[in-house]
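[1] Could you look at this predicted model? Sequence included:
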Amino acid sequence: MSLNWAAAVVAGIVAGTLATAVQLFLWWAFLDALPWMLYRDARLTAAILMGREVLPPPVTFNWNVMMVATLIHFAISIAYGLILACLISRLGMALSLLAGSIFGLSLYGINMYGVTIIFPWFWEARDWITILTHIVFGISLAGTYKVFAKHELET
């Protein structure tokens, strides 16, 4: 199967949305930390473009921060979707899902340890929930890509 760019973009959006939903659920279920964790992580992400001035407390809702964080989140999710699509375009579903889980775990390492060299404030998000949501992201990215790429071929 050849690379399907549109399916990779859709997969990035779907996986980014699903991983965020799983993360929100886990924060609620295990930490009872909503909406504080959402606002914190949005500020951590938005600070990539907006600068460190969005990081200090209070960690409250801010439309500008949420919009910038959302745009960054989906831009990165789509970029990761394009990368993974290149890696799995010729694999079957089972191997793609396995590759997706490894990809997600690798992204956790890159994002939480590599990116912190440039944006050190991300150390705060290192926890088991973030690890799990990165794995969910990778698996859902791979699965969604394979389903949409196959659907495109059939139509």
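    Noted; the coordinates are in hand. Numbering: from 1, shown residues only.

[2] would you list every one of the strands in the protein?
    For the chain, no strands are identified by DSSP state E.

[3] where are the low-confidence patches of it?
    Within the chain, the segments meeting pLDDT under 70 span 1, 152-155.

[4] repeat that with 80
    Counting by pLDDT under 80, the chain shows low-confidence ranges at 1, 151-155.

[5] in it, which spans are helices?
    Ranges of helices in the chain, per DSSP state H, are 5-26, 36-50, 63-88, 93-109, 128-154.

[6] To residue 115, which of those lies closest?
    Nearest of those to residue 115, taken as C-beta to C-beta: helix 36-50 at 8.8 Å. In this view, the C-beta of every residue, glycine as well, is placed from N, C-alpha and C.

[7] now the angle from the closest one to helix 5-26?
    On the basis of axes from the mean of the first three to the mean of the last three C-alpha atoms, to 10 degrees, helix 36-50 is oriented at 140 degrees to helix 5-26.

[8] Tell me which other helices or strands helix 36-50 touches.
    Using 3 or more C-beta pairs under 8 Å, 6 or more residues apart in numbering; DSSP states H and E as the contact test, the elements touching helix 36-50 are helix 63-88.

[9] Please tell me how far the helix it packs on is from the chain's geometric centre.
    Helix 63-88 sits 7 Å away from the centroid of its parent chain (C-alpha atoms, centre = their mean, to the nearest Å).

[10] got the contact list for stretch 34-52?
    Contacts to stretch 34-52, defined as C-beta atoms under 8 Å, 6 or more residues apart in numbering, come from residues 24, 27-28, 31, 54-55, 59-62, 64-66, 68-70, 72-73, 119, 121-122, 124-125.
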